[in-house]
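A.B. asks: whatever this is, show me its structure:
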Amino acid sequence: MTMAPFGQDDIGQLRSVFEFPHLRKRAHFLNTQYRMPLVIGSFISRHVYSHKLMTVHDITSKNACRFLDVKRGQEQKSGKSWIVSFSSSL
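C.D. replies: Alright, predicted model coming up:
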């Protein structure tokens, strides 16, 4: 599984340099990231880049990422993003 290039929804024909044979020969996959906490970087590496993305830093806290079950939540647009609200009486 790979993610579509940023802006793909806005520009339907946008393609990656890896999709052009004459550019692919000179393209390099940048395999190191320095900003995402390890738990997030590892998830992205595993599910998006087939374990090819490395994380280089000391942020190893698992508190950087939490998953919540919000199946009864309501999505609302907030600027260019979305928020989910739900009743606190769960």
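
A.B. asks: contacts and neighbour counts: CA atoms only from here.
C.D. replies: Fine.

A.B. asks: which residues in this structure form strands?
C.D. replies: Using DSSP state E, the strands of the chain run over residues 32-33, 54-55, 74-78, 81-85.

A.B. asks: nearest to residue 65, of the ones you listed?
C.D. replies: Evaluated with C-alpha to C-alpha, those place strand 54-55 nearest to residue 65, the distance being 15.4 Å.

A.B. asks: can you list the strands that the closest one pairs with?
C.D. replies: Sheet partners assigned to strand 54-55 using DSSP bridges are listed as strand 32-33 (parallel).

A.B. asks: would you mind pulling the contact partners of the partner strand?
C.D. replies: Residues external to strand 32-33 that are found in contact with it (C-alpha atoms under 8 Å, 6 or more residues apart in numbering): 41, 53, 54, 55, 56.

A.B. asks: winner for burial among the strands of the chain?
C.D. replies: strand 54-55 (a mean of 18; mean count of other C-alpha atoms under 10 Å).
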